[in-house]
Structure formats: C-alpha cells, structure tokens
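In: could you look at this predicted model? Sequence included:
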Amino acid sequence: MKLEALDRRSASGAPADAPATPDTPGAPNTPNTPDGPSTPAHDTLDVRELPTFAFGTGSLMWWSTGGLMLIEGTVFGICVLMYFYLRSMAATWPIDAPPPGLLWGSINTAVLLASLWPNQLAKAAAERCDRRRARFWLVVCLLFALVFLGVRALEFTTLDVDWRSNAYGSVVWLLLGLHTAHLITDTIDTAVLATLFYTGPLEGKRFVDVSENALYWYFVVLSWLPIYGVIYGAPRL
C-alpha cells in the first residue's frame, strides 16, 4: 500500500519524499494565502463595550443584600417570638417595670420615616450615575442617621429596666440593641460612600453600592415598625 502511494506521487511529478500540499491527494483542505497556508478562522466575541456594572437583579450586590436582609429579618422574627414566649410564661408583664416611655421612640420612628425621602433620592441619583446629586443626598441620609442614633441613646434611658434585671429587660434590650447595631453599620457604610463620592477616584460600581445601601436602609426602617410595636405597644395591651 505504501509503495502504491509513493508511485502515485511520483507519477504526479512530485518527489516521493516531498511533504503533502493542498494539491496533493489526501492533504487537508487548508486555503492558501500569498504568505502561505492560512490557519482556520475562529469566531471571537468582543466584550470590550459591555458595561462593567449593573443595577437591580443584574447585580451580584443586589442578591447578596437580599440574602443579608432575609437572614437578619429571620433573626428579628426569632427575637419577637422570644418576646411573646417569655410574656406567655410570666405572671405579669412587664416584669417589675413600667412600660417604656413613648416620647423618644415615637420621635425616632418619625425620623426614620422621614429619612426614606432622601434615601430614595440618593438611590435614584446613583442609578442615573449622577455623582453630584448622589453625594449630596448621601450626606443628607448620613445626617438623618446621626440624628436617629442620638435619639436612640435617649431611647435606651426610657426602658426603665436593666438588661440584667429579668427576662423582660433582657429581651427588650436585645431587640433594641440588634436594631441599633444595624443602624450603626449602615451609618458607617453611608459615611464611607459619601467620602468616596467627594474624594474619588470613583469606579462605576460605587453607584451600585449607593443603590444597594439605600435598599438596605429600607429594610432598617421597615423592620423597626414591628419592633416599635413590640417594645412600646405590647406592654400596654
């Protein structure tokens, strides 16, 4: 068989030991170019013009923030269930303490609800990639958060019970303390973002951070409403 192949190549005028070419029978079908045989073309995808960040469900941060809110909301729910379980086990409620004063907690609720307005404006500006307006409303949101934390310090003084006194004191301080911890972390996040927006340099993904920070603030505000009802309303029922 090998001798027959060599005879066929010799008959065609090519040396017996010459390498195969496209014109040689049995050679691969590779197109010729002026510079020699070309390599087969491969399809390529140019992604240089694609955006480097996205808002909403197109962002990984949106999903991670949603997961975080789900976990923390579950923790709040467990604490509320704990409150009512302890109440069902006690002969009187509150235990050895009057109901908390309404003044500072109600003021703080009003402050939180009012903060939704600049929070939404900061979110909208970030999603338009409007740096000037986004940083302005971030500062306004930061001021609201600082006012809330100041009033929250006064709010602790109206509980009229120490966290070590009894089960009632422990669970009330736990609820208020957990919500305060969320407020502090979001206040720090807002302060860092506001600083970055004023000092720069600024990456596009920072606008996504502002949008998700605003989403988390909605959670902080809305989660406070049932906690307010438990701390201030349940002892009066």
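Out: It's in.
In: for the protein, just list every one of the helices.
Out: Shown for the chain, the helices assigned by DSSP state H span residues 2-11, 60-89, 103-127, 131-157, 167-199, 205-228.
In: make TSV out of those helices and add distance to I95 and mean neighbour count.
Out: C-betas here are computed from N, CA, C, even on glycine. TSV is the format used below for those (distance: least, C-beta to C-beta, whole Å; neighbours: other C-beta atoms under 10 Å):
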stretch	distance to I95	mean neighbour count
helix 2-11	102	11
helix 60-89	9	14
helix 103-127	19	18
helix 131-157	18	18
helix 167-199	4	17
helix 205-228	19	20
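In: can I get the ones you listed in JSON lines including mean pLDDT and distance to D43?
Out: Formatted as JSON lines, the helices of the chain follow (pLDDT from 0 to 100; distance: least, C-beta to C-beta, whole Å):
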{"stretch": "helix 2-11", "mean pLDDT": "46", "distance to D43": "36"}
{"stretch": "helix 60-89", "mean pLDDT": "93", "distance to D43": "28"}
{"stretch": "helix 103-127", "mean pLDDT": "95", "distance to D43": "35"}
{"stretch": "helix 131-157", "mean pLDDT": "95", "distance to D43": "39"}
{"stretch": "helix 167-199", "mean pLDDT": "95", "distance to D43": "40"}
{"stretch": "helix 205-228", "mean pLDDT": "93", "distance to D43": "30"}
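In: can you put these in JSON lines and add distance to R236?
Out: Converted to JSON lines, the helices of the chain look like this (distance: least, C-beta to C-beta, whole Å):
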{"stretch": "helix 2-11", "distance to R236": "102"}
{"stretch": "helix 60-89", "distance to R236": "12"}
{"stretch": "helix 103-127", "distance to R236": "12"}
{"stretch": "helix 131-157", "distance to R236": "17"}
{"stretch": "helix 167-199", "distance to R236": "13"}
{"stretch": "helix 205-228", "distance to R236": "12"}
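In: for D96, find the nearest of these.
Out: helix 167-199 (7.8 Å; C-beta to C-beta).
In: and the angle from that closest one to helix 103-127?
Out: Interaxial angle of helix 167-199 relative to helix 103-127 (axes from the mean of the first three to the mean of the last three C-alpha atoms, to 10 degrees): 30 degrees.
In: helix 167-199 packs against which elements?
Out: Under the contact definition 3 or more C-beta pairs under 8 Å, 6 or more residues apart in numbering; DSSP states H and E, helix 167-199 sits against helix 60-89, helix 131-157, helix 205-228.
In: next, format those helices as TSV and append distance to H182.
Out: Output for these, formatted as TSV (distance: least, C-beta to C-beta, whole Å):
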stretch	distance to H182
helix 60-89	7
helix 131-157	11
helix 205-228	5
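In: out of those helices, which gets nearest to G101?
Out: The minimum distance between G101 and the helices and strands packed on helix 167-199 falls on helix 131-157, with 8.7 Å, by C-beta to C-beta.
In: list the helices and strands that closest one packs on?
Out: Counting by 3+ C-beta pairs under 8 Å, 6+ apart, the elements that helix 131-157 packs against turn out to be helix 103-127, helix 167-199, helix 205-228.
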